[in-house]
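Undergrad: The following block contains a protein sequence and its predicted model.
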Amino acid sequence: MLNNNVYKALSDENRRKILDILLDGDRTAGEIAEHFAMSKAGISQHLTVLKNAKLVYAEKRGQYVIYSLNTTVFQDVLKWLLRFNKEES
Amino acid sequence: MQFFFMWLLFIIAILLGFFYYAARADFITAFLHPLSMLLIIANAIILPRLQGLKPYYKRYKNGIFTIFITLLLIILVVHVAVIAYESGYNFDLLIIVPLCVGTTLIVTGNTLQRFKLQDISTINRIWNQCIRPCSRILVIFGAVMILTIFFPETMTIFFIILGTMIISLMISFSKGVKAL
C-alpha cells in the first residue's frame, strides 16, 4: 500500500504538483508540461516515477498517452502530510 | 500469489470447520463461513472472464484482489470467533462487528478511489462524480467504527456512526447528481 516507491515518488514537490494537476482530469504529458518551467523530458521522467509507483495510470489513446490519477485515500493523506512536512522545514 | 493466499485462507477455515464438526456436529457453524469464502473465491475466478469487465480488469486487478483478500480474512476472523465462542470461550462476540465492518469500509474506500471509468456514458459519469468521491467518507467512518470498540455501549455508538455515514453518503451522492 505504501511502499518505498510511493514514498520516493511523493517526496518530490514537482511530482506532487503533477498529481494535483491530474485531480482536475486526465491529461497528456504535453498538457502537464504546460504547468511547469521544465523540459518535456524532465516531466516525462517524473511521470515515469509516478507510473512505477502506480500513482498515475498511463493509457495509450490514438497517438497520445493519457495520464490519469491512480492514488488511494491513504496515498492522498501521505501526499498531504509530506507537503506539510516540506512547508514546516 | 494472490489466489494462493485466497485458497490458503479457505483451507484454514475449512479445516477448522471439520475439527469443529467432528466435535459438535453443527454443520451451519462449521461450514457457513467457509462456503461464503468459496463464493468470494468463485467471484475472483469468474470476474476476469466477464467480457464487459475485460477493458478495466487489468488496471484494477490489484485493487479488486485487495478487497477480496480482506473480505476473506474478515470472514476467517468471524469464523474463528464464532467457533471459539461456541466451544465455550466466553467473550463479547459483538465486539468483532464494528471491527469487521470498519476494516471492510477502510479497505474498500481506500481502493474505491482508484476505480475511475472513462467519461463516455451517463452511468460512468455518475460513478466518477457521485459514487467515487464517497471513498473518503467510507475510510473516515470505517476508522471511527473501529475506535468504538474502546468505548462503552459499543453497539449503540456503532449504529449511530453507521446511520451518520449513510446520511453523509446520501448527501454526497445527491450533491454529485446535482453537479452532473
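TA: Ah, there it is. In this text the structure is predicted, and so the values were computed from the model without any measurement. Numbering: from 1, shown residues only, chains lettered A, B, ... in the order given.
Undergrad: Name the surrounding residues that touch the top helix by length along chain A.
TA: Ordering each helix of chain A by length in residues (DSSP state H) puts helix A:73-88 first. Contacts with helix A:73-88, where a contact means Cβ atoms under 8 Å, 6 or more residues apart in numbering or on different chains, come from A:1-2, A:6-7, A:10-11, A:13, A:16, A:19, A:55, A:71, B:109-110, B:113, B:135-136, B:139. Every residue, glycine included, has its C-beta placed from N, CA and C.
Undergrad: what's the closest non-adjacent residue to B:L71?
TA: Distance criterion Cβ to Cβ, 6 or more residues apart in numbering or on different chains; nearest residue to B:L71, sequence neighbours excluded, is B:I40 at 5.6 Å.
Undergrad: A:Y57 belongs to a strand?
TA: Yes: counting by DSSP: H, G, I helix; E, B strand; the rest coil, A:Y57 is found in a strand.
Undergrad: Dihedrals phi and psi, the nearest residue to it once chain neighbours are set aside?
TA: Leaving aside its sequence neighbours, A:Y57 sits nearest to A:N70 (Cβ to Cβ, 6+ apart; 4.3 Å). Main-chain torsions, A:N70, degrees, to the nearest 10: phi -140, psi 30.
Undergrad: Ok, B:T164 next?
TA: phi -60, psi -40.
Undergrad: Next up, the contacts around it.
TA: Neighbours of B:T164 in contact, by Cβ under 8 Å, 6+ apart: B:F141.
Undergrad: Which pLDDT value belongs to the residue nearest to A:Y57?
TA: Looking at A:N70, its pLDDT is 87.
Undergrad: you'd agree it is up against B:R114?
TA: Yes: using Cβ atoms under 8 Å, A:N70 makes contact with B:R114 at a distance of 5.5 Å.
Undergrad: Write the ChimeraX selection for whichever of the contacts of helix A:73-88 are buried.
TA: With 16 or more other Cβ atoms under 10 Å in any protein chain shown as the criterion, this ChimeraX line picks the buried residues out of the contacts of helix A:73-88:
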select /A:6,10,16,19,55,71 /B:109,110,113,135,136,139
